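1. Prediction below, plus the sequence it came from.
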Amino acid sequence: MSNELSSVAAAPGDRSNGGHGTSPQPGPNHTVSNHTVSKDTRRRVVTASFIGNFVEWFDYAVYGYLAGIISTVFFPESDRQTALLATFGVFAVSFFVRPLGGFIWGHIGDRLGRKQALSLSIVLMSVATFCIALIPGYATIGVMAPILLLLVRVVQGFSAAGEYAGASAFLVEYAPSNRRGLYAAVVPASTAAGLLLGSLLAALLSSVLTAEQLNDWGWRLPFLLAAPMGLIGRYIRTKLEDTPAFRELSEKEPTVKAPALAMFKTYRKQLIIATGAVLLNAVGFYVILSYMPTYLSVELGFGAAESFLATTIALASYIGFIFLTGIASDKFGRKRMLITASVLFVVLTVPAFMLLDTRNFLVIVLVQILLGGMLTLNDGTLPSFLAELFPTKVRYTGFAVSFNLSNALFGGTAPFMATLPIGMTHNQLAPGWYLVAAALVSLIAVLFAAETSKKPLQQV
């Protein structure tokens, strides 16, 4: 797939193809770019965008899979259940600060440039993740241990609020006009790759280290990796110019002084559509790729090791599917892909959850691959859709606010909301119905959107 991304970087006839091919003639709805982009620059843009989201979700996966150990390190040992709940509570806090982060990073990105926002956010995120490995445990510094953990997670959540939106806008604004969907698909792919490597590393540490070693120091190792990865990402980003779209806008007119105010004043419809469209992504990602091992083992009584393996296989296939979806969205349009994803979830989710109850490993793997493939129709299209929905002057803000608001309200709470109805109704299909509801909201939102994939980015 990297070859695909490289080859499209110099697509003949593209208006920002580094001087190769025939430039299109200007027309009433087309602006010829004065900023050429080389293939090497686009490769570095893809790499820099990948690393930031990868570090973010690598941390989330490690924290989630090692939550049991982290709870023993940072909270009193008198009540293990309370300690574990507190650990997940700290995890949830990182989602609650995301809407605030969306406003602030959007302001920086639309006022000062995408490069400035992304270079700063990756430093904050990497340093905060690295600091988790350095915090002494409860046995050493008492109540300060969970307080410091909470503060670090708040910084992580705040910084992460700018990564997904910023990286998507960065890629879309650098991409050839006929490959914006493919380039933007790098962002959800990096998210899934970070989740996959984090979970695999947590499983590896659990298998090669003794319980005592893992509790004493082994759990800290994955968090230490954030520093070098983050430094590499920042170095690449500082060597890049800001996007052609942002530079062209800055040359023609001053940047908007208050992007959030401009967004609420002029682009309310786009904001509502975007927030609704994100709902399926927010709920689906956490239910299918994060909560599913717990659902299989706790609710259906499936083996923990088999549950993890099935989800890992589905996650790996998700990464492959996501690029195909990006290509398809460039060919068939964003709206058609998002509508297809929502309809498939409405029709197939509950039957798929019924098949999970067969407790047959092969069937479970195939069902999870199916659900993951359906999710990629949404996730692989969403970054380019959201970036194209807003004009350049408020693109970062519109994307960041809508994406983080929906994820804070429905993404971080998805495992809880999927589990709660099971206890209330004793119906193991409740998570499936919750996904159906999310799909219906996203479907309604997308139906009100205009198709943007074929339009010049400046005119969107």
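-> In hand now; what should we look at? Numbers count the residues shown, from 1 in each chain.
2. For residue 362, the count of nearby residues, please.
-> Each residue near residue 362 was counted by other Cβ atoms under 10 Å, and the total is 9. (C-beta placed from N, C-alpha, C; glycine too.)
3. now it: how far from residue 289?
-> When distance is defined by Cβ to Cβ, to the nearest Å, residue 362 is 20 Å away from residue 289.
4. What is the subsequent helix or strand relative to the helix or strand hosting residue 130?
-> Under the criterion DSSP states H and E, the helix or strand holding residue 130 is helix 114-132. The C-terminal neighbour of helix 114-132 among helices and strands, as given by DSSP H and E, is helix 138-141.
5. contact partners of that following helix?
-> The contact list for helix 138-141 (Cβ atoms under 8 Å, 6 or more residues apart in numbering) reads 73, 74, 75, 76, 145, 146, 148.
6. quick one: the helix or strand that contains the last one to chain centroid distance?
-> This means residue 148. Here residue 148 is covered by helix 144-160, with elements defined by DSSP H and E. Mean C-alpha position of helix 144-160 versus that of the full chain (Cα atoms, centre = their mean, to the nearest Å) differs by 19 Å.
7. before we move on, back to that, between the contacts of helix 138-141, identify the one with the most neighbours.
-> With neighbours taken as other Cβ under 10 Å, the top of these is residue 74, carrying 26 neighbours.
8. Show me which pair in the contacts of helix 138-141 is furthest apart.
-> Between all members of the contacts of helix 138-141, the longest pairwise span (Cβ to Cβ) is found for 76 and 148 and amounts to 15.4 Å.
9. Return the distance of the residue nearest to residue 340 when sequence neighbours are not counted relative to residue 338.
-> Leaving aside its sequence neighbours, residue 340 sits nearest to residue 377 (Cβ to Cβ, 6 or more residues apart in numbering; 5.7 Å). Counting by Cβ to Cβ, the gap between residue 377 and residue 338 amounts to 8 Å.
10. What of residue 109?
-> 24 Å.
11. the more surrounded of the two?
-> Under the criterion of other Cβ under 10 Å, the comparison of residue 109 against residue 338 puts residue 109 first, with 30 against 25.
12. Go ahead and confirm that one touches residue 120.
-> No. With contact taken as Cβ atoms under 8 Å, residue 109 and residue 120 are classed as non-touching, separated by 10.0 Å.
13. Quick one: residues contacting residue 321.
-> Residue 321 is in contact with 372, 373, 376, 380, counting by Cβ under 8 Å, 6+ apart.
14. Report the rounded mean pLDDT for the strand or helix carrying it.
-> With secondary structure defined by DSSP H and E, residue 321 is part of helix 304-332. Mean pLDDT, helix 304-332: 88.
15. so where do the helices sit in the stretch 351-460 of the chain?
-> Using DSSP state H, counting those that start in this stretch, the helices assigned to the stretch 351-460 of the chain run over residues 361-379, 382-389, 395-406, 414-425, 430-447.
16. what's the angle between the shortest one and helix 361-379?
-> Angle of helix 382-389 versus helix 361-379, following axes from the mean of the first three to the mean of the last three Cα atoms, to 10 degrees, is 10 degrees.
17. packing partners for helix 382-389?
-> If you count contacts as 3 or more Cβ pairs under 8 Å, 6 or more residues apart in numbering; DSSP states H and E, helix 382-389 packs onto helix 163-174, helix 180-184, helix 186-208, helix 268-286, helix 304-332, helix 334-356, helix 395-406.
18. Report the distance from stretch 357-373 to the chain centre.
-> Its chain's C-alpha centre lies 23 Å from the corresponding centre of stretch 357-373 when counted by Cα atoms, centre = their mean.
19. Pull the residues that contact that stretch.
-> 284, 288-289, 292, 296, 300-302, 306, 310-311, 313-315, 317-318, 321, 348-349, 352, 355-356, 428.
20. Mind doing that once more with 7 Å?
-> If you take Cβ atoms under 7 Å, 6 or more residues apart in numbering as the criterion, stretch 357-373 is touched by 288-289, 292, 296, 300, 302, 306, 310-311, 313-314, 317-318, 321, 352, 355-356, 428.
21. Ok, stretch 292-310 next?
-> Under the criterion Cβ under 7 Å, 6+ apart, residues 203, 311, 356, 357, 359, 361, 364, 365, 368, 422, 428, 431 lie in contact with stretch 292-310.
22. Would you agree the last one is in contact with residue 287?
-> Looking back up the chat, that one is residue 431. Yes. Counting by Cβ atoms under 7 Å, residue 431 sits close enough to residue 287 to count as a contact (5.7 Å).
23. quick one, which of the two is more surrounded?
-> Neighbours were counted for residue 431 and for residue 287 using other Cβ under 10 Å; residue 431 has more, 28 against 24.
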